[in-house]
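1. I'd like to go over a predicted model; first the sequence, then the structure.
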Amino acid sequence: MPAYNIKHITRYTYAAEVIDCVNQVMLYPLEDDRLEVIGHEVTISHDSGITHDTPISNYTDYFGNTVGIFTVLEPHTVLVIESTKDVVTHPIQFPMDEQPAEQQWQHLQEIHHDPTFIDFLCEECFASAQNLKATLDQLVNRSDKPLKNALVLSEYVYDNFQYRQGVTNIETPAEEIWQLKAGVCQDFAHMLLAMLRIVGIPARYVSGYVCPDREGVRGSGATHAWVEAYIPYYGWLGLDPTNNCIVNDGHVRLAIGRNFPDCTPVKGTYKGTSSHRLDVSVHIESGKSGSLVALPQEPSYTYEVKDKPAAVNSYRRHLELQMQMQMQMQQQQ
């Protein structure tokens, strides 16, 4: 059974002091029959040092995720959220997939109005949706079972979208991802979600970590994202289009939801300058029976926001120009 020690550090650096910082964190592993949490600690620090007594209130959201809330009222220019966890993972049971294809597709049709699945079947509207549907018409074969089609779509995203950092961000819409044919893990997951839902397979977004057991695994330097597809008579199966694989004991889930906003690892509000820098790093050690070794990591994720120039009121500018002209005329008289 693989064992992992995962250290996840989120660091906000502000251009000036900010106050009244209220944050939501979704950094708690989803414990189930394939994931055992041995230990977990979240610490908050800022300019005045680590504040172990910063209260974090927890609740369980609609999707079953554990969510933490905390507030930093005092002025600060740096905020660091450090989550350290020890987990043990177990291999999944792969689908037997014995039922006939027609029966499975019929089952998917029957659950379209089931409240359990409605949220995960909503199609996303964007300008190129028809182009995407035309592509799906060529890829999807209803004579094949849903599982096989889901794997085909995951492989399509892996083969046709370039893994490239810096060309998208967490707010990049599906239209832009489709046009770019590039992005990182959340973009790959975004496109696979859209495809699966269009063909009638419920799909949900997953955030977490990928723990590489070999070189070339993408997404290991920060939080990772993938998709879970509902397979008839089996349940939810994780598909990682970024690495073209079925999710097994090398992935650790943090949250599930309809899309990224439901699973954001850290988000919040504060009073102060909008100019800030976000740095995220994930360090993973792997081993068995208490013997851990460091795994290769990608560079940490960095995102920077600079203050926008103040908007200019055109009417006010007109009055200022008139005033300047009048003053110049008075000086010339």
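-> Yes, it's here.
2. Check which residues of stretch 155-169 are buried.
-> By neighbour count on 16 or more other CB atoms under 10 Å, the buried set for stretch 155-169 is 156-158, 161, 168. Glycine gets a C-beta too; all of them are placed from N, C-alpha and C.
3. Closest one to Glu36 out of these, please.
-> Tyr158 (29.8 Å; CB to CB).
4. From Ala150, how far off is that closest one?
-> Going from Tyr158 to Ala150 by CB to CB, to the nearest Å gives 13 Å.
5. what's the answer for Gln99, then?
-> Distance from Gln99 to Ala150, by CB to CB: 15 Å.
6. Looking only at neighbour counts, state which of these two leads.
-> Ala150 (24 against 14; other CB atoms under 10 Å).
7. which ones are touching the more buried one?
-> 196, 201, 229, 231, 237, 239 (CB atoms under 8 Å, 6 or more residues apart in numbering).
8. could I get the helix or strand containing it in CSV with only the CA atoms?
-> Counting by DSSP states H and E, the element that carries Ala150 is helix 146-160. Output in CSV follows, covering the C-alpha atoms of helix 146-160 (Å, rounded to 0.1, in the frame of the first residue of the first chain):
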residue,chain,number,x,y,z
PRO,A,146,-19.8,4.1,-22.0
LEU,A,147,-16.5,3.1,-20.3
LYS,A,148,-14.8,2.6,-23.6
ASN,A,149,-16.1,5.9,-25.0
ALA,A,150,-15.0,7.7,-21.9
LEU,A,151,-11.5,6.4,-22.3
VAL,A,152,-11.5,7.4,-25.9
LEU,A,153,-12.5,11.0,-25.0
SER,A,154,-9.8,11.1,-22.3
GLU,A,155,-7.2,10.0,-24.8
TYR,A,156,-8.4,12.5,-27.3
VAL,A,157,-7.8,15.4,-24.9
TYR,A,158,-4.4,14.0,-24.0
ASP,A,159,-3.4,13.7,-27.7
ASN,A,160,-4.9,16.9,-29.0
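9. any idea of the mean pLDDT for it?
-> The average pLDDT for helix 146-160 rounds to 98.
10. swap in stretch 273-282?
-> 91.
11. where does it sit relative to the chain's centre, distance-wise?
-> 16 Å (CA atoms, centre = their mean, to the nearest Å).
12. what about the helices in the stretch 201-333 of the chain?
-> With DSSP state H, counting those that start in this stretch as the criterion, the stretch 201-333 of the chain has helices at 314-332.
13. Low-confidence stretches in it?
-> 213-216, 221, 288-301, 303, 307-320, 325, 327-333 (pLDDT under 70).
14. picking up where we left off before, Throw the buried residues of stretch 155-169 into TSV and include distance to Val87, thanks.
-> Compiled in TSV, those are given as follows (distance: CB to CB, whole Å):
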residue	distance to Val87
Tyr156	31
Val157	27
Tyr158	26
Phe161	30
Thr168	29
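15. Out of these, the closest to His8 would be?
-> Thr168 (21.3 Å).
16. which non-adjacent residue is nearest that closest one?
-> Nearest residue to Thr168, sequence neighbours excluded (CB to CB, 6 or more residues apart in numbering): Gly183, at 4.3 Å.
17. bridging residues for that neighbour?
-> Tyr163 (DSSP bridges).
18. Return the residues in contact with Met26.
-> 65-68, 207, 254-255, 263-266.
19. what about the residue nearest to it when sequence neighbours are not counted, distance to Ile38?
-> Excluding its sequence neighbours, the residue lying closest to Met26 (CB to CB, 6+ apart) is Ala255, at 4.5 Å. Distance of Ala255 to Ile38, given as CB to CB: 20 Å.
20. Leu147 now?
-> On the measure of CB to CB, Leu147 and Ile38 end up 33 Å apart.
21. Same question for Tyr234.
-> For Tyr234 relative to Ile38 (CB to CB), the value is 28 Å.
22. neighbour-wise, which of Ala255 and Ile38 wins?
-> Neighbours were counted for Ala255 and for Ile38 using other CB under 10 Å; Ala255 has more, 25 against 11.
23. Go ahead and confirm the more buried one touches Val25.
-> No. With contacts counted by CB atoms under 8 Å, Ala255 stays clear of Val25, the gap being 10.3 Å.
24. Common neighbours of these two, please.
-> Common neighbours of Ala255 and Val25 (CB under 8 Å, 6+ apart) are Pro265.
25. Domains of this protein: list them as residue ranges, please.
-> 3-89+264-305, 101-262 (automatic domain parsing).
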